[in-house]
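Asker: make a model of this:
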Amino acid sequence: MKVILKENIETLGHIGDIVKVAPGYARNFLLPKGLAIEATSRNAKALEHSKRQMEYKKHKVREQATHLSAKLEALSIVLAHQAGEGDKLFGAVTNMEIAEYLKKHEIQIDRKKIVLAEPIKHLGEFTATVKIHPEVTATLKITVTPL
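Answerer: Residues are numbered from 1 along each chain as shown. Below is the predicted model:
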C-alpha cells in the first residue's frame with residue numbers, strides 16, 4: 001500500500017514522501033495516528049498545493065526578517081548607566097534592557113532572541129546578535145555611556 005507521509009518517520013522517510021508499506025502497518029498504525037494519508041491522486045495534488053503555500057509563506061517571513069535585520073543594523077543603541085572606578089558598571093546591561101530599548105523605538109523583539117556573548121559590565125562599545133529567523137541574524141551596536 002502506498003502512503004504519503006505527514007510527519008518525519010525515521011525508518012520510512014520525510015514529510016511529503018510517498019512510500020510503500022505493508023497494508024496492516026498503514027491501516028493499523030500510520031493512518032489512525034495521522035502520520036500518513038493514503039496515496040491517491042487527489043491527496044497528491046492537495047499535498048503539492050500545500051507545499052507551494054508553505055513555500056510562499058516561508059519566503060514572505062524570510063523577506064520580512066531580512067527587512068527587520070537591515071532596520072536593526074542601522075540602529076545604534078546608546079544606554080546610560082551608573083559606573084564606578086575603572087569604568088565598571090553597577091550591575092550589568094542585559095538582553096532584557098536592550099529589548100525594552102527596542103520596544104521604545106517601536107521594534108518588537110523577544111529578549112530571548114538577543115544574544116550577548118557575556119553580560120556587559122563596562123562602559124564602551126559592544127555588539128549583540130539578534131536571531132530574527134533561523135536563516136537571518138542581525139548585529140546590534142550598543143554603546144554604554146556613564147550616567
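Asker: for the residue nearest the centre of the chain, give the beta-bridge partners.
Answerer: Centroid-nearest residue in the chain, with CA atoms, centre = their mean: residue 133, separated by 3.7 Å. Counting by DSSP bridges, residue 133 forms beta bridges with residue 136.
Asker: what pLDDT does the residue of the chain most remote from its centre get?
Answerer: Distance from the C-alpha centroid of the chain, by CA atoms, centre = their mean, peaks at residue 85 (39.8 Å). The confidence metric pLDDT takes the value 89 at residue 85.
Asker: pLDDT below threshold where in the chain?
Answerer: Counting by pLDDT under 70, the chain contains no low-confidence segment.
Asker: thinking again about what came up before, list the contacts of the residue farthest from the centre of the chain.
Answerer: If a contact means CB atoms under 8 Å, 6 or more residues apart in numbering, then residue 85 has no contacts. For every residue, glycine as well, the C-beta is placed using N, CA and C.
Asker: do the one 3 residues further on as well
Answerer: Residue 88 makes contacts with 121, 122, as judged by CB under 8 Å, 6+ apart.
Asker: state the distance from it to residue 122.
Answerer: The spacing between residue 88 and residue 122, counted by CB to CB, to the nearest Å, is 6 Å.
Asker: over to residue 38?
Answerer: 63 Å.
Asker: kindly report the domain assignment for the chain.
Answerer: 2-63, 65-146 (automatic domain parsing).
Asker: ok, and for the helix ranked longest in the chain, which residues are buried?
Answerer: Identified as the longest helix of the chain according to DSSP state H is helix 41-74. Buried residues in helix 41-74, defined by neighbour count with 16 or more other CB atoms under 10 Å: 47, 65, 68, 69, 72.
Asker: same for that helix, what does it pack against?
Answerer: When contacts are defined as 3 or more CB pairs under 8 Å, 6 or more residues apart in numbering; DSSP states H and E, helix 41-74 packs onto strand 2-5, strand 124-133, strand 136-146.
Asker: what lies in contact with the helix or strand following that helix?
Answerer: The element immediately downstream of helix 41-74 (helix or strand, assigned by DSSP states H and E) is strand 76-81. Strand 76-81 has contacts (CB under 8 Å, 6+ apart) with 89-91, 93, 97-98, 101-102, 123, 140-147.
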